[in-house]
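In: Model the following, please.
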Amino acid sequence: MDRAWDVVVFVSPSAVLAFQGEAQSSGLTDWPDAIAVATVGPGTLEALIAAGLPRSVRCLAPKRAPWDARSLLDSIREEGVRPGRVLVVGGATSGTDWAAEFQPMGIPCDCLTAYRNQRCEPDRGAVERLHALCTRNVAWVGVVTQAKTAEALNRMASDWPMTAQRWMRAQPFLSIHPRIEQSLIHAGFHSTQRIPPGTTALDAALSSDLWSTPRPVSYTHLTLPTKRI
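Out: Here you go, the predicted structure:
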């Protein structure tokens, strides 16, 4: 890792995986202590540790919600860190968005595009299972990770019977960011709950007693609306 940067920001677990690549020589296992690592949530930090990041490396992350760029920048200031140069590892658009956050602080920011989003069709089997749950009025919990997913779900179900569409929108949906939560509400999904990022918080929410109706134990993974390459 080039020591031209004081802080390297990983915007998501996908950024960590893309940066690491298939080889172990990507630089995570021998990361220099002089370069701090910043993440927007515990899920990304978990991915870094799993990829071999030494625990001696200083890690910066938001101390409170919302888990986004502004929260991270506030935390960096509170920690007294004044980076001379920052590298953002993210997607095709996220790096540019982050650079726009750092520029008002007078901090030079470089971007490394580690992946790009490409629209893909959802798995037919997953769509059929979701349709069956809604037509049989089976209660379930949705986890939404992108703001565009709510609209994509509506488009996917546009040819379903209206009763099945209403049942889908009536189910509880979990999200980690206000922007995602607002996109769900705007699309007609009014039973929403915001949770902290990371698998620990997700497991706690799914296993909690918040749901008055029993939920299915099995998991269905439905990729909407994009895949990362």
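
In: all contacts plus neighbour counts: C-alpha atoms, from now on.
Out: Will do.

In: Spatially, and excluding backbone neighbours, which residue is closest to Leu206.
Out: The shortest distance from Leu206 to any non-neighbouring residue, by CA to CA, 6 or more residues apart in numbering, is to Val141 (7.8 Å).

In: List phi and psi for the residue located most distally from the centre of the chain.
Out: What lies farthest from the middle of the chain is Pro161; by CA atoms, centre = their mean that is 31.3 Å. Main-chain dihedrals, Pro161, degrees, to the nearest 10: phi -60, psi 150.

In: all strands of this structure, in order?
Out: 7-10, 36-39, 59-60, 86-91, 109-115, 117-119, 142-143, 173-175, 192-194, 226-228 (DSSP state E).

In: what's the longest one packed up against?
Out: It refers to strand 109-115. Judged by 3 or more CA pairs under 8 Å, 6 or more residues apart in numbering; DSSP states H and E, the packing partners of strand 109-115 are helix 13-20, strand 86-91, helix 94-102.

In: Quick one: neighbours of the closest residue to Arg82 other than its chain neighbours, just the number.
Out: Leaving out its chain neighbours, the residue that sits closest to Arg82 by CA to CA, 6+ apart is Ile76, at 7.7 Å. Counted with other CA atoms under 10 Å, residues neighbouring Ile76 total 18.

In: List the buried residues in the biggest helix by length in the chain.
Out: Assignment by DSSP state H gives helix 124-135 as the longest helix of the chain. Across helix 124-135, burial judged by 16 or more other CA atoms under 10 Å covers 127, 130-131, 133-135.

In: Just give me how far it sits from the chain centre.
Out: Computed by CA atoms, centre = their mean, to the nearest Å, the chain-centroid distance of helix 124-135 equals 24 Å.

In: Please verify my assumption that Val8 contacts Leu87.
Out: Yes: using CA atoms under 8 Å, Val8 makes contact with Leu87 at a distance of 4.7 Å.

In: Can you tell me how far Leu176 is from Leu202?
Out: Check again: residue 176 is Ile, not Leu. 9 Å (CA to CA, to the nearest Å).

In: Neighbour count for the two, which is higher?
Out: Taking other CA under 10 Å, Ile176 and Leu202 do not tie; Ile176 has more neighbours (24 against 17).

In: do you know how far the more buried one is from Arg64?
Out: In terms of CA to CA, Ile176 sits 12 Å off from Arg64.

In: How about Ile107?
Out: Taken as CA to CA, the span from Ile107 to Arg64 is 23 Å.

In: before we move on, what about Thr44?
Out: Applying CA to CA to Thr44 and Arg64 gives a distance of 15 Å.

In: quick one, which of these two is more surrounded?
Out: Thr44 (23 against 13).

In: sorry, back to before: which stretch among the strands of the chain comes nearest Gln20?
Out: When the strands of the chain are compared by CA to CA, strand 109-115 sits nearest Gln20, at 9.5 Å.

In: and the closest one, which strands flank it?
Out: Strand pairing for strand 109-115, determined by DSSP bridges: strand 86-91 (parallel).

In: What residues of the partner strand count as buried?
Out: Of all the residues in strand 86-91, those buried under the rule 16+ other CA under 10 Å are 86-91.

In: go on, stretch 28-41?
Out: Buried, per 16+ other CA under 10 Å, within stretch 28-41: 28-29, 31-32, 35-41.

In: How about stretch 190-201?
Out: Neighbour-count burial for stretch 190-201, counted by 16+ other CA under 10 Å, picks out 190, 192, 194-198.

In: Restrict that stretch to CA atoms and write it as PDB.
Out: Extracted in PDB, the C-alpha atoms of stretch 190-201 (Å, rounded to 0.1, in the frame of the first residue of the first chain):
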ATOM      1  CA  HIS A 190     -44.900   1.600   5.300                       C
ATOM      2  CA  SER A 191     -43.900  -1.100   7.800                       C
ATOM      3  CA  THR A 192     -40.200  -0.200   8.100                       C
ATOM      4  CA  GLN A 193     -37.600  -0.400  10.800                       C
ATOM      5  CA  ARG A 194     -34.000   1.000  10.700                       C
ATOM      6  CA  ILE A 195     -31.300  -1.000  12.300                       C
ATOM      7  CA  PRO A 196     -27.500  -0.500  12.700                       C
ATOM      8  CA  PRO A 197     -25.300  -2.000  10.000                       C
ATOM      9  CA  GLY A 198     -23.500  -5.300  10.300                       C
ATOM     10  CA  THR A 199     -24.500  -9.000  10.600                       C
ATOM     11  CA  THR A 200     -24.800  -8.800  14.400                       C
ATOM     12  CA  ALA A 201     -27.500  -6.200  14.400                       C
END
